[in-house]
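[1] how does the following fold in three dimensions:
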Amino acid sequence: MKIFTCQDRLEDIMTCIYDAWSAALKVGHSQIQLRKEPVFQQTMFDEYIHVDGNPSKAEKVILSIRRDISEEAYLDIYYASLSADEDALQAIYNFLRIGFAVGNTVTRLYTNPHVVKLLEIRRRVSNEAHHFREFARFQSLDFKVYISHLKPKNDVIMLVGRHFADRMPSEHWMIIDDNRKIACVHPKDGENYLRYLTEEEFKTLQQTEAYEDEFTDMWKTFFHAVSIRQRENYVCQRNLFPIWKRKHAVEFKN
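    Here you go, the predicted model:
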């Protein structure tokens, strides 16, 4: 078995698919597997092949998906590529095998387990992005830059960033993924872009959570003022806003 591995980035993922598919033309798809790195435990008799991102190969894969399958299928694959699921990359590959065979009807093959698997991964990513769009909290640095810290399971900060680009277009802001140490940066009246943070940059930006201003205090006061003690339901609250998502929500800080 040939197992192709790559880093968790779109360009690397698409390049990995390109190289794996090229190898499958010689040995068969059944002899190919794909995994995101890091791979913590390698099997003894399999060949592991690391793949680095290649812009040309990645572009060819993306164009082929859009042309030969559909834009909808590419969107499903893009969302799945953001997933932290261990088998997300293999799910994308299995989906593409069907998609290139049947064309744009693939997204409606609800009885095919490979299609259902990919759509389920896409749904989980989309749900998490939607949740963080609702619960992202920004803190102001001298009313010049607004910073939000998130710890999502999936790589959703660009999805969250697109939402705020429409609502805060004329502000400097930054959404930081504390798990992956990357930031979605939005310059005033500009376009969002991803920035991979150095360890020093990340530690400096972590300190911003200690900053408070009048709006932070006002939000905390409002949160507690509108609550109705007789209707408190902590079980329901944890279902709607799980504890692991509250770390960067200012209303839950003392």
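
[2] every contact and neighbour count from this point should use C-alpha atoms.
    Noted.

[3] output the below-cut-off pLDDT ranges for this structure.
    For the chain, the stretches with pLDDT under 70 are 209-228, 230-231, 233-254.

[4] can we see that at 90?
    38-45, 86, 131-132, 134-149, 201-254 (pLDDT under 90).

[5] quick check, central residue of it?
    residue 155 (2.1 Å; Cα atoms, centre = their mean).

[6] can you give me phi and psi for the closest residue to that one other than its chain neighbours?
    In space, and not counting its chain neighbours, residue 155 is closest to residue 82: 4.9 Å by Cα to Cα, 6 or more residues apart in numbering. With angles defined as degrees, to the nearest 10, residue 82 sits at phi -90, psi -10.

[7] residue 82: how many residues sit nearby?
    24 (other Cα atoms under 10 Å).

[8] quick revisit: show me the contacts for the residue nearest to the centre of the chain.
    82, 83, 84 (Cα atoms under 8 Å, 6 or more residues apart in numbering).

[9] try residue 39
    residue 5.

[10] and it, how far is that from residue 85?
    13 Å (Cα to Cα, to the nearest Å).

[11] one more: residue 92?
    11 Å.

[12] look at those two and report which has more neighbours.
    Neighbour totals were compared for residue 92 and residue 85, and residue 92 leads with 25 against 16 (other Cα under 10 Å).

[13] am I right that that one is in contact with residue 118?
    Yes. If you go by Cα atoms under 8 Å, residue 92 and residue 118 touch, sitting 6.5 Å apart.

[14] got any residues that touch both of the two?
    Joint contacts of residue 92 and residue 118 (Cα under 8 Å, 6+ apart) are 77, 80.

[15] what are the ranges of the helices in the stretch 51-200 of the chain?
    Here the stretch 51-200 of the chain has its helices, by DSSP state H, counting those that start in this stretch, at 55-68, 71-81, 88-102, 113-135, 157-167, 199-206.

[16] what about these, which gets the closest to residue 35?
    helix 88-102 (5.8 Å; Cα to Cα).

[17] check contacts around residue 15.
    Residue 15 neighbours (Cα under 8 Å, 6+ apart): 51, 52, 53, 54, 55, 57, 58, 61.

[18] including neighbour count and distance to residue 29, could those go into CSV?
    CSV is the format used below for the contacts of residue 15 (neighbours: other Cα atoms under 10 Å; distance: Cα to Cα, whole Å):
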residue, neighbour count, distance to residue 29
51, 19, 17
52, 14, 21
53, 17, 21
54, 15, 22
55, 12, 24
57, 17, 19
58, 21, 19
61, 18, 17
